[in-house]
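In: Kindly generate the corresponding structure for this input.
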Amino acid sequence: MKKNPHLKRQQQLHRLLKREKLNALALNPGPDLSYLTGLDFHLMERPVLGLFSPKQDPVFVLPELEMGKLADLSFPTQTFPYSEDRSTWPQTFQDAFQQTGLQRGRVGVIPRRLRVLELQFLEAAASSVDFVDGQKAMSALRILKDQHEIKSMQKAANIAQQAFQAIRPLIKPGITEKEMAAALVGSLYDAGSDPGLPFFPIVSFGSNSANPHAAPTDRPLDETQIVLIDWGATVDGYYSDITRTWRTGNMDKELLEIARVVQIANQAGREAVQPGILCSEVDRCVREVIENSGYGEYFIHRTGHGLGREAHEEPYIASDDHTPLKAGMTFTIEPGIYLPGRGGVRIEDDILVTEEGCRSFTDLPRELRVL
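Out: Now for the predicted structure:
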């Protein structure tokens, strides 16, 4: 019989918690909790907490109105539901810690996810517990993708590329960045993306493309501009994240040159990927191309970031991340050059490390083509 994937992940987590000398891991709603349980809760004024310990079944503190989500779970749990009476909430948290024996020791939390709301309940319920950073254990669990995750990410990349191709005829002088972004969102859903997109598409024309994280505006497209689009789709909770840059006509020669350099740098990054190489070394291979071309000061971000259930997760393709790559890791390669007031070019691909080297989930043309 095939083992339940969520139960298997919980058992793997237990081993990692022991390695990190953690008595438990406390998670609020988000990608980590859904990865371990398959449960999706949204962040709201009513706190939801999952406690995972090697010594017992998962513990949930949650509103009574959310109990129905646990009805079909294929693994045992301990539940501590609370009513709408806010005055009872602190006691419910305290009961959960007391009855599960988690009143002292070290409990990991995820700093970039846990809110002050949940932390205050935790600290009040277990004043003798040290709440510490548990990101290392969770990242070690999620950093290697299994075949189901890989298939979902490939499908997410395919959907994103299909969605862009469907609205490409709309990219004509006069359309605004906002209109383009809205059309792309609709096309992503039409192509099969899950509702929760990785992020709202970045669509930037002309000089606005020099801002890596530009928000779409009412700026209309003219006949001789850079068009930078950064977008992604979601499948089964897994993301794609793609950037391509095009042009609408004749361009400034220097903009054409930076597009050529970025394309070479992107290729250098993809070719550098193989098991055993450090993330920092991949970043160096990409950065050297841009620095040797005289544009180093205009490459103002890391080469890439891990990708999966989050748009940004471990590992990071950056100079200070010395993680050795392993088959099953997934991340972006996205060099860019940004000339303030003039325009920018970024080419972003989604990468899977394989036993032989790497595979790109994304394959849209990378040249600065005319739309």
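In: Between the two ends of stretch 108-115, how far is it?
Out: 14 Å (CA to CA, to the nearest Å).
In: for stretch 82-92, same thing?
Out: Span of stretch 82-92 from end to end, CA to CA: 6 Å.
In: residues making contact with that stretch?
Out: Residues outside stretch 82-92 that contact it (CB atoms under 8 Å, 6 or more residues apart in numbering) are 47, 61, 62, 63, 64, 80, 81, 121, 124, 125. For glycine as for every other residue, the C-beta is placed from the backbone atoms N, C-alpha and C.
In: Work out for me the element the third one sits within.
Out: By that I understand residue 62. If you go by DSSP states H and E, residue 62 is part of strand 59-63.
In: Would you list the strands that the helix or strand just after that strand pairs with, along with their directions?
Out: The first helix or strand that comes after strand 59-63 along the chain, using DSSP H and E, is strand 78-82. Strand 78-82 sits in its sheet next to strand 59-63 (parallel), going by DSSP bridges.
In: just to revisit the earlier point, what mean pLDDT does the strand holding residue 62 have?
Out: Computed over strand 59-63, the mean pLDDT rounds to 97.
In: same deal with stretch 8-17?
Out: Stretch 8-17 comes out at a mean pLDDT of 96.
In: How about stretch 305-315?
Out: Stretch 305-315 comes out at a mean pLDDT of 97.
In: Repeat that for stretch 88-106.
Out: So the average pLDDT for stretch 88-106 ends up being 92.
In: And that stretch, end to end?
Out: By CA to CA, one end of stretch 88-106 lies 26 Å from the other end.
In: Return the set of buried residues in it.
Out: Buried positions in stretch 88-106, judged by neighbour count with 16 or more other CB atoms under 10 Å: 89, 92, 93, 94, 96, 97, 100, 102.
In: export those residues to a markdown table and tack on secondary structure and distance to residue 359?
Out: Formatted as a markdown table, the buried residues of stretch 88-106 follow (DSSP: H, G, I helix; E, B strand; the rest coil; distance: CB to CB, whole Å):
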| residue | secondary structure | distance to residue 359 |
| --- | --- | --- |
| 89 | helix | 48 |
| 92 | helix | 47 |
| 93 | helix | 45 |
| 94 | helix | 50 |
| 96 | helix | 44 |
| 97 | helix | 45 |
| 100 | coil | 43 |
| 102 | coil | 42 |
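In: closest to residue 179 among the residues you listed?
Out: Comparing these against residue 179 with CB to CB places residue 89 closest, at 45.3 Å.
In: any idea how far the closest one lies from residue 163?
Out: According to CB to CB, to the nearest Å, residue 89 stands 43 Å off from residue 163.
In: With residue 49 instead?
Out: 36 Å.
In: try residue 113
Out: 29 Å.
In: of these two, who's got more company?
Out: Shown here are residue 113 and residue 163; by other CB atoms under 10 Å, residue 163 has more neighbours (25 against 18).
In: For stretch 247-265, which outside residues touch it?
Out: 171, 173, 221-227, 245, 286-287, 289-290, 293, 295, 298, 335-337, 339, 342-347, 366-371.
In: Show me which of the residues you listed are buried.
Out: 171, 221, 225-227, 245, 286-287, 289-290, 293, 295, 298, 335-337, 339, 343-347, 366, 368.
In: From those residues, which land in helices?
Out: Residues of the buried ones among the contacts of stretch 247-265 located in helices (DSSP state H): 286, 287, 289, 290.
In: So if we follow the domain assignment, how does the protein break up?
Out: Per the record, the chain has its domains at 5-142, 147-360, by automatic domain parsing.
In: right, so those: which one is the most enclosed?
Out: Ranked by mean neighbour count, the domains of the chain are led by domain 147-360 with a mean of 19 (mean count of other CB atoms under 10 Å).
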